[in-house]
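Colleague: A structural model of the following input is requested.
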Amino acid sequence: MPDRKMFRSIAWVMLIAAVIFLVYAVTHPTASFPWSNAITYTLYAVYILVMLVLFVASRKKGK
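Modeller: Below is the predicted model of the structure:
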């Protein structure tokens, strides 16, 4: 039971951080990362995947 709450909390924090980052990125279009877009998109995909896995894990019923 505590793991479910922890997973959900971490997932919510990740979601809030992503929204804050999105707002920053939209308001600062000239900012960029020092690597290629392929690496950036891979990092975004992994971040979203981990966040979704945590949300799903928080919904599953334990033994």
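
Colleague: List the buried residues in the longest helix seen in the chain.
Modeller: The longest helix of the chain (DSSP state H) is helix 2-27. Residues of helix 2-27 classed as buried: 7, 10, 11, 14 (neighbour count, 16 or more other CB atoms under 10 Å). (Each C-beta comes from the backbone N, C-alpha and C, glycine too.)

Colleague: Mind giving me the packing neighbours of it?
Modeller: Under the contact criterion of 3 or more CB pairs under 8 Å, 6 or more residues apart in numbering; DSSP states H and E, helix 2-27 touches helix 37-59.

Colleague: and the helix it packs on with helix 2-27, angle?
Modeller: Counting by axes from the mean of the first three to the mean of the last three CA atoms, to 10 degrees, helix 37-59 lies at 150 degrees to helix 2-27.

Colleague: Run the chain-centre distance for helix 37-59.
Modeller: 6 Å (CA atoms, centre = their mean, to the nearest Å).

Colleague: From the chain's centroid, how far away is the longest helix of the chain?
Modeller: Counting by CA atoms, centre = their mean, helix 2-27 is centred 6 Å from the centre of its parent chain.
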